[in-house]
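1. Below is the sequence, then the predicted model.
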Amino acid sequence: MNFDHKVIWITGASSGIGKSLAIELSKKSTKLILSSRNESKLNEVKKKCKNQENIKILPLDLEDYNSLINKTKEAIVLFGKIDVLFNNGGISQRSLAKDTTIAVDKKIMDINYLGTVALTKALLPYFIQQNSGVFVVTTSIVGKIGTPLRSSYAASKHALHGFFDSLRAEVYSNNIKVTLACPGFVQTNVSINALTGDGTPQNKMDNATNNGLTSVAFSKKLLKAVKKEKQEVYIGGFKEKLAVYVKRFFPKLLAKMIRKMAVT
């Protein structure tokens with residue numbers, strides 16, 4: 001996998017990991033399509049990129065997943081093709097399951113799962129027709145391990161693993177690749193924007209998030225993994241990555257460790 005001369009579409013590109021991916025990829029001979037809900041922030045990101053003449057802005061809302069077929073048609077027209085889709089847009093949660101309304105569960109699932117799947121399905125026929133394409137999906141370590149205060153978020157990320165593992169097998173003969181990227185703690189606004197039980201944002205940074213990898217460091221590691229056509233990659237601190245393997249080989253031990261985590 002080589003990024004040179006590729007047309008790359010990034011969702012969630014207005015901040016955090018998506019912003020860092022855009023800046024890093026703009027240094028290469030690529031063409032970029034940057035998407036999120038916030039057009040003004042997308043334009044700010046574009047100004048921080050190299051080779052701005054090779055960057056287009058396409059606002060979209062993953063929660064409005066019925067609009068994504070038309071958005072995909074618009075995206076293809078911008079440069080005449082698409083080679084890679086970074087499914088990076090999403091929203092997190094900070095609330096106990098007992099305190100979380102079903103409306104919040106639905107909103108998180110609509111954005112993180114259905115929005116991502118709808119965009120992928122909208123682009124999939126085009127990838128099949130050109131007999132090539134790459135889907136990169138930002139899930140989470142929580143997509144492998146459920147933890148307190150993340151029940152809805154973990155559910156949405158677990159669902160992405162199920163969908164994209166199945167899709168990878170289905171489109172193998174069409175030369176379409178799928179990389180699932182599982183971040184640990186990364187220094188972004190994910191915890192600030194995370195929804196609480198009634199749907200309002202948390203509006204504060206978690207200590208663990210604040211002490212995590214920088215989004216720049218994460219993005220560089222992710223691009224290396226995509227270049228190597230990794231099927232799944234865990235990018236984070238030692239403890240976060242270790243937890244994935246502890247669950248695999250010692251699930252009861254991990255369950256005991258998870259129960260001791262702070263829930264306030």
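-> That came in fine, so what should we check first?
2. what bits of the chain have low per-residue confidence?
-> Scanning the chain for pLDDT under 70 picks out the ranges 262-264.
3. For it, just list every one of the helices.
-> Per DSSP state H, the chain carries helices over the ranges 16-25, 39-48, 68-79, 102-108, 116-130, 151-170, 190-193, 207-210, 215-227, 238-249, 251-259.
4. how far off helix 116-130 does the longest one point, in degrees?
-> Put plainly, it is helix 151-170. Angle of helix 151-170 versus helix 116-130, following axes from the mean of the first three to the mean of the last three Cα atoms, to 10 degrees, is 10 degrees.
5. Name the surrounding residues that touch helix 151-170.
-> 90-93, 96-97, 100, 104-105, 108-109, 111-113, 116-117, 120, 124, 135, 137, 139-140, 142-147, 177-178, 180, 194, 231 (Cβ atoms under 8 Å, 6 or more residues apart in numbering). Every C-beta, even on glycine, is put in place using the N, C-alpha and C of the backbone.
6. what does the last one give?
-> Around helix 251-259, the neighbours that count as contacts under Cβ under 8 Å, 6+ apart are 145-148, 243, 246-247.
7. And the furthest pair within those?
-> Among those, the pair separated by the greatest distance (Cβ to Cβ) is P148 and V246, at 16.7 Å.
8. Might one say that I23 is in contact with E44?
-> No - counting by Cβ atoms under 8 Å, I23 sits too far from E44 to count as a contact (11.4 Å).
9. and those two? which has more neighbours close in?
-> I23 (19 against 13; other Cβ atoms under 10 Å).
10. where's the more buried one relative to C49, distance?
-> Remark: distance between I23 and C49 (Cβ to Cβ, to the nearest Å) = 5 Å.
11. Equivalent analysis for K71, please.
-> Between K71 and C49 the computed distance is 21 Å (Cβ to Cβ).
12. who's more crowded, those two?
-> K71 (22 against 18).
13. and the spatially closest residue to K81 that is not a sequence neighbour, how many neighbours does it have?
-> The shortest distance from K81 to any non-neighbouring residue, by Cβ to Cβ, 6 or more residues apart in numbering, is to V7 (5.4 Å). V7: 20 surrounding residues under other Cβ under 10 Å.
14. Over to Y245?
-> Using other Cβ under 10 Å, the number of residues around Y245 comes to 12.
15. what residues are up against it?
-> Per Cβ under 8 Å, 6+ apart, neighbours of Y245: none.
16. Quick check, I192 in contact with M205.
-> Yes - the pair I192 / M205 is scored as a contact, 5.7 Å apart, by Cβ under 8 Å.
17. what comes up buried for stretch 54-65?
-> Residues of stretch 54-65 classed as buried: 54-58, 60, 62-63, 65 (neighbour count, 16 or more other Cβ atoms under 10 Å).
18. How far off centre is that stretch?
-> How far stretch 54-65 lies from its chain's middle: 14 Å, per Cα atoms, centre = their mean, to the nearest Å.
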